[in-house]
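Chemist: pasted the sequence and its predicted model underneath.
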Amino acid sequence: MILGIVMPRLNTTYFATKVEQYLPNEKDMTPPSKGEKVKYAALDGKLRDSMKQWGEFLQRILWYINI
């Protein structure tokens, strides 16, 4: 079980402060029926196209999204 993660490159550290066990509702776990399936490369391309005006911050935001 991972209770913490450190990302020195981003000067970020996360540690769990509480661990709870619960059983999710099966209805909440069903995949969506609407929408289009997209592969990772296509998603990455769409994100880059939509965030071009963000400049130098784009790489950091995409890195956070892809964690």
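Modeler: Structure received.
Chemist: by mean pLDDT, flag the weakest helix or strand of this structure.
Modeler: Least confident helix or strand, the chain: helix 57-65 with a mean of 75, by mean pLDDT, DSSP states H and E.
Chemist: got the CA positions of it in CSV?
Modeler: What follows is helix 57-65 as a C-alpha-only set of coordinates in CSV (Å, rounded to 0.1, in the frame of the first residue of the first chain):
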residue,chain,number,x,y,z
PHE,A,57,2.8,26.2,-17.9
LEU,A,58,1.4,23.6,-20.3
GLN,A,59,4.1,21.0,-19.7
ARG,A,60,3.6,21.1,-15.9
ILE,A,61,-0.2,20.9,-16.2
LEU,A,62,0.0,18.0,-18.6
TRP,A,63,2.4,16.3,-16.3
TYR,A,64,0.0,16.6,-13.4
ILE,A,65,-2.9,15.3,-15.5
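Chemist: just checking, what packs against that helix?
Modeler: helix 40-50 (3 or more Cβ pairs under 8 Å, 6 or more residues apart in numbering; DSSP states H and E). Just so you know, the C-beta spots here come from the backbone N, C-alpha and C atoms, and that holds for glycine as well.
Chemist: ok, G35 to A41 distance?
Modeler: In this view, G35 and A41 are 18 Å apart by Cβ to Cβ, to the nearest Å.
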